[in-house]
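Any chance you could fold what I've pasted below:
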Amino acid sequence: MTKVNSDGDDPADTKINLDLGLGGMLRGLAGLVEKLGELAESGKEISNTGQLHGSGKEVKGIYGFTVKYALGEENARVEPFGNIRTDDKSGNTIVQEIREPVVDIFEEDTHTLVVAEMPGISADDVHLEVKDDLLTISAERGDKRYRKEVLLHSTYSKDQMVVTCNNGVLEIKCMN
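The predicted model follows:
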């Protein structure tokens, strides 16, 4: 953030200029707003609780994104999460029953740590599948269902994984 003072004396005249390079992210948000507008025009209603109401039955839709900056990379990565997707065939926005959780991967000296946010889930609700370097996380409890495929930097077996879950935050330690 750069502060520019117009005359150097009056703090009330201070202007703040932001140069964050967010053009791509703002275009993505504009696309999201456009899709939400299409939903509203099609007769669906969006409330401030984040629920979509369709014809006849209530449909719960959750959408969000994380912006990740990695050292050495020029551009930020925008990763969506939730259960609202665009159908590849029709191009229409759909609400799936299974949510995609927010996932972060941390490479440590002694292990790889995978952290997934899955509110309402305990460790007993989690199921892991491992095939080579692809980890599939799924969980279900009541009406909450989650699924995410994670590409790991190495190959691990289930025996090398320690799973803990506290307040819906799942941690999977993949031991080297």
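
Each with direction, which strands does the helix or strand where F81 lies pair with?
Taking DSSP states H and E as the criterion, F81 maps to strand 77-86. Next to strand 77-86 in the sheet, as set by DSSP bridges, lie strand 63-68 (antiparallel), strand 93-100 (antiparallel).

Buried residues of that strand, list them for me.
Residues of strand 77-86 classed as buried: 81-84 (neighbour count, 16 or more other CB atoms under 10 Å). To be clear about C-beta, it is placed using only N, CA and C from the backbone, and glycine gets the same treatment.

what do you get for stretch 159-176?
Result for stretch 159-176 [16+ other CB under 10 Å]: buried residues 161, 165, 168, 170, 172-174.

quick one, helices of this protein?
Listed in chain order, the helices of the chain (DSSP state H) span 23-41.

Break it into its domains for me.
As assigned by automatic domain parsing, the chain contains the domains 21-97, 101-176.

any idea which of the buried residues of strand 77-86 is closest to I105?
F81 (14.3 Å; CB to CB).

ok, that closest one touching I98?
No - the pair F81 / I98 is not scored as a contact, 11.7 Å apart, by CB atoms under 8 Å.

Now I105. Nearest residue, chain neighbours left out?
With CB to CB, 6 or more residues apart in numbering as the criterion, I105 has its nearest non-adjacent residue at 5.4 Å, and that residue is V114.
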